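>>> Have a look; sequence and predicted model below, questions after that.
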2 protein chains.
Amino acid sequence: MIDRSSGVPAYRQVAADLREKIKSGNLSPGTQLPSERELVESYGVSRVTVRDAVGLLRSEGVVTVEHGRGVFVRPPTTVQRLSRSRLSRAARDANQGMFLGDAAQGGFTPSVTVRIRFEPADEATAQSLEIEDGTEVTVRDRVMRADGLPVQLAISRLPRDVTRQAPAVEQVETGQGGAYARLEEAGFRLGHFNETVTARMPTPDEASLLQLASGVPVIVVTRIAYTVDGKPVEVNDMILSADRYELSYDIPAE
Amino acid sequence: MIDRSSGVPAYRQVAADLREKIKSGNLSPGTQLPSERELVESYGVSRVTVRDAVGLLRSEGVVTVEHGRGVFVRPPTTVQRLSRSRLSRAARDANQGMFLGDAAQGGFTPSVTVRIRFEPADEATAQSLEIEDGTEVTVRDRVMRADGLPVQLAISRLPRDVTRQAPAVEQVETGQGGAYARLEEAGFRLGHFNETVTARMPTPDEASLLQLASGVPVIVVTRIAYTVDGKPVEVNDMILSADRYELSYDIPAE
DNA sequence: AAGTGGTCTAGACCACTAA
DNA sequence: TAGTGGTCTAGACCACTTG
């Protein structure tokens, strides 16, 4: 099975063979692969080599490994699509925070854990909010769960000056329409949002919090909310599991 | 250095120690780490264990490894920010294709390799373009390079029916304003774009084409261009290196 | 030539899962 | 209890980079 003279490392040949069997449907989604010891037999390589091969497929997100159970072909994951039209005032008003609106659309039972704290702004926050370094900010640190499974982390920071005028934002429960509604009631009429999107591998903390399979990156979204006057009032850093989310944006051609 | 009784695997302890030294600035960006054999000595573990530790840091994107040279603390990468306002008609008209416009902003020397082919639409393409499965589409397959380095892959598909009316789109060189300008000249006035964004680990092909360091995911953007009548005329699948790109979107609050 | 990481072996024991 | 993956060892040879 393995061509020793080809110059291609044995573990890559094993990985390529398994990958091929998966792609061709020979091993269908959810199916268990032969155990590592069986693969050792059938390919005639050492266990370390088999593990390197499986590790490669893992890092590609092709298989998942469950300790004590086995290696399985990863089934295609269900994506939750986040359309940015949900930032419209109407959509915001309809729901108690945006995540609960997503839940209504996505058909899952949402739960959110919120922790509030106050701290001096670090450099990045200060720059985003256009305030002095070290100015006090209100931090809303949230873990969003779908059917009990953590799927999203979000940390919002707002100048304390702003939240003092909208005290509900300093509370865990912000009520109908969420924090944005409270801000608007306090006179901070929102004009537009800017979202920057990138991706990276999770930190170990994020991986365990979001229960990420290895080989799954996170999508990092930084949203800044601006008032109609162009003053930034909130910066929200969101961490999403890349295999569970897809973002959707509409852009006019003009 | 390693606590054998803690229950934490040795390779994780080694990784944690190195990560800490990097975060604290004790090992600054670009610095070479001690060689694997030196780490074997200093931590009193086997080489495999050291390699597992380094592999973990690699997969987190914390270090890069160069065969024959050593392991280095990964310097923060320069990000190219793609603002979606560049899809405005004015921005499109100003440049010969969007990537060349990005280059002007980013200050790098761009080059693009384009291959044109014609093929029947697969299921996903057909759905995006709202055409029958198997209808002939024009495929523009592109590799974009910045200063010679491949940084972006893009595959556009348009119904052949459409490109026959804008023959320049079936050519490698589309001229001033790029393919979108030719489409508009042919009467396909563009109304809006929709972009869906997600991320995943690269396939081996993508990794080698984009020369991705291991542990760097790709951002996958699918853009569909619609005419003012709401007819989709192009679906463009873009693959971006996540450590080199950041996307930026503006969203009105209304 | 010397030093670096890349691959590989044969075997051991541990931790988790399921019957 | 048996089977799975997780961790680890001590050592070997290869491929790449640099002086």
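Thanks, I have the structure now.
>>> Off-centre distance for stretch A:215-222?
5 Å (C-alpha atoms, centre = their mean, to the nearest Å).
>>> and what of stretch A:116-127?
Chain-centre distance of stretch A:116-127: 22 Å, with C-alpha atoms, centre = their mean.
>>> And that stretch, end to end?
Stretch A:116-127 has an end-to-end distance of 21 Å (C-alpha to C-alpha, to the nearest Å).
>>> and if you look at stretch A:176-193?
20 Å.
>>> Mind listing what's buried along that stretch?
A:177-184, A:186, A:188, A:190, A:192-193 (16 or more other C-beta atoms under 10 Å in any protein chain shown). C-beta here means a position set from N, CA and C on the backbone, and glycine is covered the same way.
>>> Out of the residues you listed, name the ones that lie in helices.
Of the positions in the buried residues of stretch A:176-193, A:178-184 sit in helices, assigned by DSSP state H.
>>> Considering only the residues you listed, which also neighbour DNA strand D?
On the criterion C-beta under 7 Å from any atom of the strand, none of the entries of those sits beside DNA strand D.
>>> I'd assumed A:Asp141 was in contact with A:Asn115.
No Asn there; residue A:115 is Arg. Yes - assessed by C-beta atoms under 8 Å, A:Arg115 is found in contact with A:Asp141 at 4.6 Å.
>>> of these two, who's got more company?
A:Asp141 (14 against 11; other C-beta atoms under 10 Å in any protein chain shown).
>>> Please work out the angle formed by the directions of the strand or helix carrying the more buried one and helix A:178-185.
Using DSSP states H and E, A:Asp141 sits within strand A:136-146. Orientation of strand A:136-146 against helix A:178-185 (axes from the mean of the first three to the mean of the last three C-alpha atoms, to 10 degrees) gives an angle of 140 degrees.
>>> which strands and helices sit next to strand A:136-146?
For strand A:136-146, the packing partners by 3 or more C-beta pairs under 8 Å, 6 or more residues apart in numbering or on different chains; DSSP states H and E come out as helix A:98-106, strand A:110-120, strand A:149-159, helix A:160-165.
>>> how about 6 Å then?
If contacts are counted by 3 or more C-beta pairs under 6 Å, 6 or more residues apart in numbering or on different chains; DSSP states H and E, strand A:136-146 sits against strand A:110-120, strand A:149-159, helix A:160-165.
>>> Now mean pLDDT and distance to B:Leu210 too, for the ones you listed, in a markdown table please.
Shown next, in a markdown table, are these (pLDDT from 0 to 100; distance: least, C-beta to C-beta, whole Å):
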| stretch | mean pLDDT | distance to B:Leu210 |
| --- | --- | --- |
| strand A:110-120 | 92 | 37 |
| strand A:149-159 | 90 | 28 |
| helix A:160-165 | 96 | 42 |
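>>> So which residues on chain A come close to DNA strand C?
Counting by C-beta under 7 Å from any atom of the strand, chain A comes close to DNA strand C at A:9-12, A:44-49, A:52, A:66-69.
>>> Nearest to B:Lys21 among those?
A:Asp52 (26.9 Å; C-beta to C-beta).
>>> for that closest one, phi and psi?
Backbone torsions of A:Asp52, given as degrees, to the nearest 10, read phi -60, psi -40.
>>> how about A:Pro217, what does it touch?
Residues near A:Pro217 by C-beta atoms under 6 Å, 6 or more residues apart in numbering or on different chains: A:199, A:201, A:242, B:199, B:217.
>>> go with 8 Å
By C-beta atoms under 8 Å, 6 or more residues apart in numbering or on different chains, the contact list for A:Pro217 reads A:199-202, A:242, B:199-201, B:217, B:242.
>>> how close does the residue lying closest to it once chain neighbours are set aside get to DNA strand C?
Nearest non-adjacent residue to A:Pro217, counting by C-beta to C-beta, 6 or more residues apart in numbering or on different chains: B:Pro217, 3.6 Å away. To DNA strand C, B:Pro217 is 19 Å away according to C-beta to the nearest atom of the strand, to the nearest Å.
>>> A:Asn236 now?
To DNA strand C, A:Asn236 is 35 Å away according to C-beta to the nearest atom of the strand.
>>> just A:Val139 next, same as before
34 Å.
>>> if I read this right, that residue contacts A:Ala154, doesn't it?
No - in this structure A:Val139 lies outside contact range of A:Ala154 using C-beta under 8 Å: 10.9 Å.
>>> related to what we said a few turns ago, within the sheet, what are the partner strands of the strand holding A:Asp141, with directions?
strand A:110-120 (antiparallel), strand A:149-159 (antiparallel) (DSSP bridges).
>>> Domain map for chain A?
A:10-73, A:80-248 (automatic domain parsing).
>>> Can I get those in JSON lines including distance to B:Met1?
As requested, the domains of chain A are arranged in JSON lines below (distance: least, C-beta to C-beta, whole Å):
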{"stretch": "domain A:10-73", "distance to B:Met1": "24"}
{"stretch": "domain A:80-248", "distance to B:Met1": "19"}
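>>> Show me the least confident stretch of the ones you listed, going by mean pLDDT.
For the domains of chain A, the weakest mean pLDDT is recorded on domain A:80-248, namely a mean of 88.
>>> Centre of the chain to that domain, how far?
Using C-alpha atoms, centre = their mean, the offset of domain A:80-248 from its chain centre is 12 Å.
>>> Compute the first-to-last residue distance for it.
By C-alpha to C-alpha, the extent of domain A:80-248 from end to end equals 10 Å.
>>> Which part of the stretch 151-254 of chain A gets nearest to DNA strand D, residue-wise?
Proximity of the stretch 151-254 of chain A to DNA strand D (C-beta to the nearest atom of the strand) peaks at A:Ser214, 8.5 Å away.
>>> now that residue, nearest residue through space, not along the chain?
A:Ser214 sits nearest to A:Arg58 (C-beta to C-beta, 6+ apart), 5.3 Å away.
>>> Look at that neighbour and tell me its secondary structure.
Put simply, A:Arg58 is helix when judged by DSSP: H, G, I helix; E, B strand; the rest coil.
>>> ok so, going back, and the strands paired with strand A:136-146: which comes nearest B:Ala91?
Among those, strand A:149-159 comes nearest to B:Ala91, with 31.3 Å by C-beta to C-beta.
>>> and that closest one, which residues are buried?
Across strand A:149-159, burial judged by 16+ other C-beta under 10 Å covers A:150-154, A:156-159.
>>> would TSV of those with distance to B:Gly230 be doable?
Formatted as TSV, the buried residues of strand A:149-159 follow (distance: C-beta to C-beta, whole Å):
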residue	distance to B:Gly230
A:Pro150	38
A:Val151	32
A:Gln152	32
A:Leu153	36
A:Ala154	33
A:Ser156	35
A:Arg157	39
A:Leu158	38
A:Pro159	42
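>>> Which strand residues bridge the closest residue to A:Gln152 other than its chain neighbours?
Using C-beta to C-beta, 6+ apart and skipping the chain neighbours, the partner closest in space to A:Gln152 is A:Met144 (4.1 Å). Judged by DSSP bridges, the bridge partners of A:Met144 are A:Val112, A:Gln152.
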